[in-house]
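**Student:** My questions concern the predicted model and sequence given below.
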Amino acid sequence: MNTKKIILVTGGQRSGKSSYAQKLALSISPNPVYLATSAVWDEEHSQRIERHKRDRGKEWTNIEELKDIQNVDVSNRVVVIDCVTLWSTNFFSETNGDVELSLTSVIERFDAFIKQDATFIFVTNELGLGGTSGNDLQRRFTDLLGWVNQHIASKSDEVVLMVSGISMKIK
């Protein structure tokens, strides 16, 4: 491959981000990597994850890593990281809502991860597009994710905003 590229796919919940990212990855590579960052919450969530793996098909290499994505070797591959929101949640939860510590941890791991020669397709949510929550913890997490998204977008070659299943290239 020998060409590093970073793409950020962002938008609201159920806007088509993951589908877009997966189709994009398959248009670039016949055997992309899907890097899942979600913890398994319960049996229903576990079944949902297994269904998603089956739906993606055998052409995908599925890897699960809750936090230390910088340790996953994706050199010379196309990788969808789904998603930054859940990945950031893993740090936020572990630090009892410490935004500064969570932000530092996420950015350090992101910066180390993207040193590899690969095509990275990050999927994230735009939580700040909705109303302001009355819950302090939710407001702090929205701040955290906004700053994480800004950092990733600043390093990205392309940024795509998804709205109602429609992609809009904004960078």
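**Tutor:** Right, received. Where do you want to start?
**Student:** What's the local residue count around Glu64?
**Tutor:** A count of nearby residues for Glu64, using other CB atoms under 10 Å, gives 14. In short, each C-beta sits where N, CA and C put it, glycine included.
**Student:** got it, and Lys171?
**Tutor:** Close neighbours of Lys171, defined as other CB under 10 Å, add up to 12.
**Student:** Not counting its neighbours along the chain, what's nearest it?
**Tutor:** Of all residues not flanking Lys171 in the chain, Val159 sits nearest, at 3.9 Å (CB to CB, 6 or more residues apart in numbering).
**Student:** What about that neighbour? Give its phi and psi, please.
**Tutor:** Dihedral pair for Val159: phi -130, psi 130, per degrees, to the nearest 10.
**Student:** Please point out which parts of stretch 116-124 sit buried.
**Tutor:** Using 16 or more other CB atoms under 10 Å as the test for burial, stretch 116-124 gives Gln116, Ala118, Thr119, Phe120, Ile121, Phe122, Val123, Thr124.
**Student:** Repeat that for stretch 4-12.
**Tutor:** Neighbour counts using 16+ other CB under 10 Å place Ile6, Ile7, Leu8, Val9, Thr10, Gly11, Gly12 of stretch 4-12 among the buried residues.
**Student:** May I see the buried residues of the lowest-mean-pLDDT helix or strand in the chain?
**Tutor:** Least confident element among the helices and strands of the chain, by mean pLDDT, DSSP states H and E: helix 43-56 (a mean of 78). For helix 43-56, a neighbour-count test (16+ other CB under 10 Å) marks Ile49, His52, Arg56 as buried.
**Student:** Using PDB, write out every CA atom in that helix.
**Tutor:** What follows is helix 43-56, C-alpha atoms only, in PDB (Å, rounded to 0.1, in the frame of the first residue of the first chain):
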ATOM      1  CA  GLU A  43     -26.300 -10.900  26.100                       C
ATOM      2  CA  GLU A  44     -28.400  -8.900  23.600                       C
ATOM      3  CA  HIS A  45     -25.400  -6.700  22.700                       C
ATOM      4  CA  SER A  46     -23.300  -9.800  22.300                       C
ATOM      5  CA  GLN A  47     -25.800 -11.300  19.900                       C
ATOM      6  CA  ARG A  48     -25.900  -8.000  18.000                       C
ATOM      7  CA  ILE A  49     -22.100  -7.900  17.700                       C
ATOM      8  CA  GLU A  50     -22.100 -11.500  16.300                       C
ATOM      9  CA  ARG A  51     -24.800 -10.600  13.800                       C
ATOM     10  CA  HIS A  52     -22.800  -7.700  12.600                       C
ATOM     11  CA  LYS A  53     -19.700  -9.900  12.100                       C
ATOM     12  CA  ARG A  54     -21.800 -12.300  10.000                       C
ATOM     13  CA  ASP A  55     -23.300  -9.500   8.000                       C
ATOM     14  CA  ARG A  56     -19.900  -8.100   7.200                       C
END
